[in-house]
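**Student:** Make a model of this:
(2 chains)
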Amino acid sequence: MSIIEVQNLTKYYGKSRGIVDVSFAVEEGEIFGFIGPNGAGKSTTIRLLLSLIRPTSGKASVFGKDVTTHGPEIRREIGYLPSEVFYYEGMRVRDLLNYSASFFPGDHSERIAELSDLMELEMNRRISDLSFGNKKKVGIVQGLLHSPRLLFLDEPTAGLDPLMQRKFFDLIRRENARGVTVFFSSHILGEVQRLSNRIGIIREGRIVEISDMRSLQQNNYKKIKVCASNLDAAAFALPGVTNLQPENGGLQFFFKGDINAVLKQLGSIPVEDVTIEEPTLEEIFMHYYE
Amino acid sequence: MSLNIFLHELRVRRKSVLVWSLSITALVGFFFSIFPSFAEQAELTQELLKKFPPELLAAFGMNHLDMSAITGYFGFLFIFVQLCLAIQAGNYGFGLVSIEENERTADFLLTRPVSRAQVLSSKLLAALVCLTVTNLVVWAVSFISIEAFRGERAYETGVVALLLASIAVFQLLFLAIGLLISVLVKRIRSVTPYSLGLGFGMYTLSAFSGVFGDVKLEYITPFKHFDPAYIIQNRDFNTPFLLADAVIILICVALTYVLYIRRDIHAVS
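**Tutor:** Numbers count the residues shown, from 1 in each chain, chains lettered A, B, ... in the order given. Below is the predicted model of the structure:
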């Protein structure tokens, strides 16, 4: 059974598009990266899964339970870190965390202490006095304090300084190693690349690709640079070649398919230098957005 | 019901209940403190009031009230108490769930493992407790003020109690209407204009319906449903209105549950 299962999920806000016909599944123990530019529908998807909004059509289930009918039950084992964190301004950090903990059975004080220590949280500050980044840290502790089985992270690193980001990622990896499934949305590709096992790419409300990290990078595309004098671009207009463009007296392109075809072509001309590398996620991503 | 939400709500409204209770206490106390001298010159006052245009007197509900008697005087000042209570109850109604969306805490609250119905019930119950506390304060301060300033004058406890008993329904009405409106509109940016608008609007409507006589406007304003002059004269509530109000309250609350459970909580933008 998949931890998250989404089938043909569609959400319109009146006439404006949220997401259209989105389907995917996330398996237990995965870190699933959900990538797309702002407004593509990442938050809409997460909000649907949290039953903050209701689907226009389609189905979504978490832990095998339908999100529209079993919301409270599902949320008992979910942690959620929103992209922008807002809490009751008048409360102190400690009170807010205790209030949040009071919704979940059991004693969470030890875990609160441990997490807030790690995140260097000042427990006696008022929420209203906290900076954006510090609120985010409260959000992280709040999202994890009840040891959820599934974590939703919506643009989690925005507002965190690099040092904190690193701590945060270590924390997420540690949680993941304990078996926690992570659903993680971002438009920053580097962090998705570092963290995720599998990614989904969403564009204008529709899923354009779901693939695991490795096959996306290795099996799909190679980034090839060739340096040679009197290079004829037409020589590389092979099937599978995209984004062919001159660069510093050479050529650069992406290639998908049998690499021997390119090697053969390379062998037939005198070249000065060749590099064949895996494209970064960013480059793959840009490719999807052209 | 969720006890932690209920307690949280009580904590949030603590200050507001205190301020409203103190304000109404000051209002009732002030009015009664001038009652002895007012009543002493009762005849003069009655003479004076006769010179006022009847429309003006009607607007303040003074055409049917004997202002030199304790119940009559209380009925007169009770309208202002009603106005305060209407604004307070409206405040709680309009803000009950909308404040979470406005201050963007809805994401936090509604991702806890509780149902929307539980959230609404807990909040509703907390608001009822707050309104009841205010209600009890009004009861106490009314009788204390009357006893303190009535001197030798007698009054009918039953009639005063009847007026005070109307408070609970009156509060519920404004709470329920405010609540329903708050889930009907997309977003309430600030609660105060709504509750002031509803409170003063209904009050003005009631006042004008007195000015123009029989204009049927009274059917929509709760201030007319619980017109102190009517209650004092008839020693009873206006039963059809009372029943209608009970139905309105139930419908508003029921609709609120339906709408709130289905409501989309939009992302921060």
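
**Student:** Which pLDDT value belongs to A:Thr181?
**Tutor:** The predicted structure scores A:Thr181 at 95 on the pLDDT scale.

**Student:** What is the burial count for it?
**Tutor:** 23 (other CB atoms under 10 Å in any protein chain shown). Bear in mind the C-beta positions are built from the backbone N, C-alpha and C, glycine included.

**Student:** Same question for A:Gln7.
**Tutor:** In terms of burial, A:Gln7 registers 13 neighbours under the definition other CB under 10 Å.

**Student:** phi, psi of it?
**Tutor:** When quoted as degrees, to the nearest 10, the phi and psi of A:Gln7 stand at phi -130, psi 120.

**Student:** is it true that it touches A:Ser57?
**Tutor:** No. A:Gln7 lies out of contact with A:Ser57 (CB atoms under 8 Å); the separation is 10.1 Å.

**Student:** Put the alpha carbons of stretch B:155-167 into PDB.
**Tutor:** This file holds the C-alpha atoms of stretch B:155-167, laid out as PDB (Å, rounded to 0.1, in the frame of the first residue of the first chain):
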ATOM      1  CA  TYR B 155     -40.200  48.100  41.600                       C
ATOM      2  CA  GLU B 156     -41.300  44.800  40.200                       C
ATOM      3  CA  THR B 157     -38.400  42.400  40.300                       C
ATOM      4  CA  GLY B 158     -40.100  40.100  37.900                       C
ATOM      5  CA  VAL B 159     -40.200  42.700  35.100                       C
ATOM      6  CA  VAL B 160     -36.500  43.600  35.500                       C
ATOM      7  CA  ALA B 161     -35.700  39.900  35.500                       C
ATOM      8  CA  LEU B 162     -37.700  39.400  32.400                       C
ATOM      9  CA  LEU B 163     -35.800  42.100  30.600                       C
ATOM     10  CA  LEU B 164     -32.500  40.500  31.800                       C
ATOM     11  CA  ALA B 165     -33.700  37.100  30.700                       C
ATOM     12  CA  SER B 166     -34.000  38.400  27.200                       C
ATOM     13  CA  ILE B 167     -30.200  38.900  27.000                       C
END
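
**Student:** what comes up buried for it?
**Tutor:** When burial is assessed from 16 or more other CB atoms under 10 Å in any protein chain shown, stretch B:155-167 yields the following buried residues: B:155, B:159-160, B:162-167.

**Student:** Need the max-distance pair from those.
**Tutor:** Checking those against each other with CB to CB, the farthest-apart pair comes out as B:Tyr155 and B:Ile167, at 18.4 Å.

**Student:** If I look at A:Ile284, what pLDDT would I see?
**Tutor:** Looking at A:Ile284, its pLDDT is 68.

**Student:** show me where the chain has helices.
**Tutor:** Answering for chain A, as no chain was given. Under the criterion DSSP state H, helices of chain A are mapped to A:42-49, A:71-75, A:93-101, A:109-118, A:132-144, A:162-177, A:189-195, A:213-215, A:259-267, A:281-288.

**Student:** think we crossed wires, I meant chain B
**Tutor:** Per DSSP H, chain B carries helices over the ranges B:3-33, B:35-40, B:42-51, B:54-59, B:70-102, B:106-110, B:116-149, B:157-184, B:191-211, B:222-225, B:228-234, B:239-262.

**Student:** how about the fifth one, does it reach chain A?
**Tutor:** Right, the one you point to is helix B:70-102. No. Contact between helix B:70-102 and chain A is absent, the nearest approach being 9.3 Å (criterion: CB under 8 Å from any CB of the partner chain).

**Student:** Which neighbouring elements make contact with that helix?
**Tutor:** Helices and strands in packing contact with helix B:70-102 are listed as helix B:3-33, helix B:35-40, helix B:106-110, helix B:116-149, helix B:157-184, helix B:191-211, helix B:222-225, helix B:228-234; criterion 3 or more CB pairs under 8 Å, 6 or more residues apart in numbering or on different chains; DSSP states H and E.

**Student:** do the same with the shortest one
**Tutor:** The criterion is 3+ CB pairs under 8 Å, 6+ apart, and the helices and strands that helix B:222-225 contacts are helix B:70-102, helix B:157-184, helix B:191-211, helix B:239-262.

**Student:** Ramachandran angles for A:Phe86?
**Tutor:** phi -130, psi 130.

**Student:** Could you tell me how many residues sit around the nearest residue to it once chain neighbours are set aside?
**Tutor:** Of all residues not flanking A:Phe86 in the chain, B:Arg104 sits nearest, at 3.6 Å (CB to CB, 6 or more residues apart in numbering or on different chains). Residue crowding around B:Arg104 was assessed by other CB under 10 Å; the count is 16.

**Student:** Up against chain B, what does chain A have?
**Tutor:** With CB under 8 Å from any CB as the criterion, chain A comes near chain B at residues A:13, A:43-44, A:47, A:50-54, A:71-76, A:78, A:80, A:82-84, A:86-90, A:99-100, A:102-104, A:142.

**Student:** who wins for proximity to B:Cys84 among the helices and strands packed on helix B:70-102?
**Tutor:** B:Cys84 lies closest to helix B:3-33 among the helices and strands packed on helix B:70-102, at 5.2 Å (CB to CB).

**Student:** The closest one packs against which elements?
**Tutor:** For helix B:3-33, the elements it packs on are helix B:70-102, helix B:116-149, judged by 3+ CB pairs under 8 Å, 6+ apart.

**Student:** ok, back up a step: among the helices and strands packed on helix B:222-225, which gets the worst mean confidence?
**Tutor:** Note on the helices and strands packed on helix B:222-225: lowest mean pLDDT is at helix B:191-211, with a mean of 84.

**Student:** any idea of the angle it forms with helix B:157-184?
**Tutor:** Between the axes of helix B:191-211 and helix B:157-184, defined by axes from the mean of the first three to the mean of the last three CA atoms, to 10 degrees, the angle is 130 degrees.

**Student:** packing partners for helix B:191-211?
**Tutor:** Taking 3+ CB pairs under 8 Å, 6+ apart as the contact cut, helix B:191-211 packs with helix B:54-59, helix B:70-102, helix B:157-184, helix B:222-225.

**Student:** Might you report the residue contacts of B:Gln118?
**Tutor:** Shown in contact with B:Gln118 (CB atoms under 8 Å, 6 or more residues apart in numbering or on different chains): A:72, B:1-2, B:5.

**Student:** so of the helices and strands packed on helix B:70-102, which one's packed in deepest?
**Tutor:** Relative to the other members of the helices and strands packed on helix B:70-102, helix B:222-225 carries the highest mean neighbour count by mean count of other CB atoms under 10 Å in any protein chain shown, namely a mean of 24.

**Student:** isn't B:Val183 right up against B:Ile261?
**Tutor:** No. Under the criterion of CB under 8 Å, B:Val183 lies out of contact with B:Ile261, with a separation of 9.8 Å.

**Student:** Give me the neighbour count for the residue nearest to A:Gly106 when sequence neighbours are not counted.
**Tutor:** The spatial neighbour of A:Gly106 that comes closest, neighbours along the chain excluded (CB to CB, 6+ apart), is A:His146 at 7.8 Å. The number of residues packed near A:His146 is 21, by other CB under 10 Å.

**Student:** A:His146 against A:His108, yeah?
**Tutor:** Yes. Counting by CB under 8 Å, a contact exists between A:His146 and A:His108, whose distance comes to 5.9 Å.

**Student:** Give the residues shared as contacts by the two.
**Tutor:** What both A:His146 and A:His108 touch, as defined by CB under 8 Å, 6+ apart, is the set A:Ala101.

**Student:** Return the residues in contact with the closest residue to B:Leu125 other than its chain neighbours.
**Tutor:** Closest residue to B:Leu125 in three dimensions, ignoring its sequence neighbours and counting by CB to CB, 6+ apart: B:Phe6, at 5.8 Å. Residues in contact with B:Phe6, defined by CB under 8 Å, 6+ apart, are B:122-123, B:125-126.

**Student:** just A:Arg17 next, same as before
**Tutor:** With contacts taken as CB under 8 Å, 6+ apart, A:Arg17 has the following neighbours: A:41, A:204-205.
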